[in-house]
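>>> my questions concern the predicted model and sequence given below.
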Amino acid sequence: MQQEHNFSLKAYNTFGLAIKAKSFIEVGNEEELEKVLRKVYSSELFVLGGGSNCLFTKDFDGTVLHLNIKGKEIVNETEDEVFLKVNAGENWHQLVLFCVENNYGGIENLSLIPGNVGTSPIQNIGAYGVELKDVFVECEAIHIQTLEKKVFTKEDCQFGYRNSVFKNEVKGQYIITSVTFQLSKKNHQLKTDYGAILNELDKKGISKPTIKDVSDVIISIRERKLPNPKEIGNSGSFFKNPIISISAFEKLQEKYPEIPSYKISEAEVKVPAGWLIDQAGFKGYRNGDAGVHKNQALVLVNYGNATGEEIFELAEFIQEKIKKKFEVDLEMEVNIIS
């Protein structure tokens with residue numbers, strides 16, 4: 001267990017913000033975690049995983065708990081599938097690469113998503129037609145106040161689009177310590193009909209892709225479109241793609257015939273937030289060191305010395321302009337810590 005005071009979190013948040021925590025504790029196993037929870041008030045605690053889905057708007061006047069619980073194990077296996085239990089501190093993309101290497105199918109479309117495994121169920125991470133819930137079996141969590149251990153099934157998690165029970169009814173009450181995934185060993189159900197995946201496979205002359213082919217293509221697409229947080233501070237997608245009614249969409253379509261969309265149901269349509277932000281003229285926009293990425297308008301960036309407050313103000317400014325131009329509410333996907 002590592003404990004520090006007045007600790008810089010610059011290396012622990014992907015925006016690269018130079019903010020400090022009054023206290024910082026890193027735990028490497030569940031016993032250390034329980035020891036910390038017995039001592040620290042939950043109201044003073046912020047649990048940090050990979051630091052990829054949060055924006056600190058100021059120094060944190062409490063304890064930042066960094067989960068560094070590593071390890072993975074096969075808990076069940078058949079001829080066709082494997083049940084893999086992964087601890088919360090494992091890096092998400094490294095897990096994807098491990099699965100691809102071992103021919104475990106199901107999460108290859110989620111390649112290069114930043115963050116750690118423990119936070120993946122909280123927002124039901126997703127990309128290119130696949131969501132965490134598609135392979136999720138259960139997660140183990142510990143209650144911050146009572147220290148009671150609980151297993152959450154897929155039903156318990158109430159997964160929605162970038163949403164779960166951990167963002168709603170039990171928000172801030174539990175710390176996820178492990179996640180179990182159900183992955184295929186053969187006859188993989190590949191999802192290649194989303195976005196630019198098929199085009200990229202065609203370019204490479206691949207007609208019968210493997211899970212590695214799909215992962216490689218998605219890594220290539222993401223690297224072209226999205227900035228590397230090690231080079232330019234960012235948290236990936238800052239906003240959720242808004243889901244609007246068919247009638248609202250048809251009104252937009254009259255004015256903007258080229259507007260892209262994904263049908264969700266008979267009553268609802270998902271519209272790409274990046275397209276809306278781009279159409280509003282924000283792609284490549286910069287105010288000081290806070291800006292919108294030049295290749296992907298969905299990504300807000302820190303060009304060096306932006307503060308969390310400046311990035312948050314930019315996000316609010318974008319929300320305001322999108323509402324005015326399109327009558328659409330943009331919701332932030334990133335967790336704001338103020």
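Received the coordinates, thanks.
>>> quick one: secondary structure of Glu138?
Under DSSP: H, G, I helix; E, B strand; the rest coil, the three-state class of Glu138 is strand.
>>> identify the residues contacting it.
Residues near Glu138 by C-beta atoms under 8 Å, 6 or more residues apart in numbering: 151-154, 179-180. Any C-beta I mention is one placed from the backbone N, CA and C, and that applies to glycine too.
>>> nearest to Ser42 among the residues you listed?
Closest to Ser42 out of those is Phe152 (18.5 Å), distances taken as C-beta to C-beta.
>>> which residues does that closest one bridge with?
Here Phe152 shows beta-bridge partners Cys139, assigned using DSSP bridges.
>>> so the residue of the chain most remote from its centre, which of the three states?
Distance from the centre of the chain peaks at Glu254, with 33.1 Å (C-alpha atoms, centre = their mean). For Glu254, the secondary structure call by three-state DSSP comes out as helix.
>>> what are the ranges of the strands in the stretch 1-150 of the chain?
Using DSSP state E, counting those that start in this stretch, the strands of the stretch 1-150 of the chain run over residues 2-8, 20-27, 45-48, 54-56, 60-67, 72-77, 81-87, 126-127, 130-131, 136-143, 149-153.
>>> can you put those strands in a markdown table and add distance to Phe98?
As requested, the strands of the stretch 1-150 of the chain are exported to a markdown table (distance: least, C-beta to C-beta, whole Å):
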| stretch | distance to Phe98 |
| --- | --- |
| strand 2-8 | 26 |
| strand 20-27 | 23 |
| strand 45-48 | 23 |
| strand 54-56 | 25 |
| strand 60-67 | 19 |
| strand 72-77 | 7 |
| strand 81-87 | 9 |
| strand 126-127 | 18 |
| strand 130-131 | 17 |
| strand 136-143 | 17 |
| strand 149-153 | 23 |
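>>> the nearest residue to Gly51 once chain neighbours are set aside: neighbour count?
Using C-beta to C-beta, 6 or more residues apart in numbering and skipping the chain neighbours, the partner closest in space to Gly51 is Asn13 (4.1 Å). Neighbour count for Asn13, taken as other C-beta atoms under 10 Å: 25.
>>> try Glu313
Counted by other C-beta under 10 Å, the residues lying close to Glu313 total 14.
>>> please apply the same query to Ile197.
Neighbours of Ile197 (other C-beta under 10 Å): 21.
>>> longest strand in the protein, by residue count?
In the chain, with assignment by DSSP state E, the single longest strand is strand 174-184.
>>> report the buried residues of the next helix or strand after it.
Per DSSP states H and E, the first helix or strand lying C-terminal to strand 174-184 is helix 197-203. Judged by neighbour count using 16 or more other C-beta atoms under 10 Å, the buried positions of helix 197-203 are 197, 200-201.
>>> redo those as JSON lines? Include distance to Phe136.
Putting these into JSON lines (distance: C-beta to C-beta, whole Å) gives the following:
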{"residue": "Ile197", "distance to Phe136": "22"}
{"residue": "Glu200", "distance to Phe136": "27"}
{"residue": "Leu201", "distance to Phe136": "27"}
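>>> wait, a helix at Tyr310?
Heads up, residue 310 is Glu, not Tyr. Yes - per three-state DSSP, Glu310 lies within a helix segment.
>>> how far away is it from Asp289?
7 Å (C-beta to C-beta, to the nearest Å).
>>> tell me which of these two has more neighbours.
Just comparing Glu310 and Asp289: by other C-beta under 10 Å the higher neighbour count belongs to Glu310, 18 against 15.
>>> quick one, strands of the stretch 201-338 of the chain?
Under DSSP E, counting those that start in this stretch, the stretch 201-338 of the chain gives strands at 233-237, 243-245, 262-263, 268-270, 286-287, 290-292, 299-302, 335-337.
>>> now the spatially most central residue of the chain, nearest residue through space, not along the chain?
The residue lying closest to the centre of the chain (C-alpha atoms, centre = their mean) is Ile125, at 5.0 Å. Using C-beta to C-beta, 6+ apart and skipping residues adjacent in sequence, the residue nearest Ile125 is Leu132, 5.0 Å away.
>>> and the pLDDT for Lys149?
Lys149 carries a pLDDT value of 97.
>>> what's the burial count for it?
13.
>>> surely it touches Ile142?
Yes - between Lys149 and Ile142 there is a contact at 5.4 Å, judged by C-beta atoms under 8 Å.
>>> tell me the contacts of Asp193?
Asp193 is in contact with Gly129, counting by C-beta under 8 Å, 6+ apart.
>>> for Glu34, see how far away it is.
Asp193 is 45 Å from Glu34, by C-beta to C-beta.
>>> repeat that for Glu90.
For Glu90, the distance to Glu34 - C-beta to C-beta - is 20 Å.
>>> these two: who's more crowded?
Glu90 (23 against 13).
>>> name the nearest residue to the more buried one, sequence neighbours excluded.
Using C-beta to C-beta, 6+ apart, the closest residue to Glu90 is Val117 (4.6 Å).
>>> pLDDT at that neighbour, what is it?
Reading off the model, Val117 has pLDDT 97.
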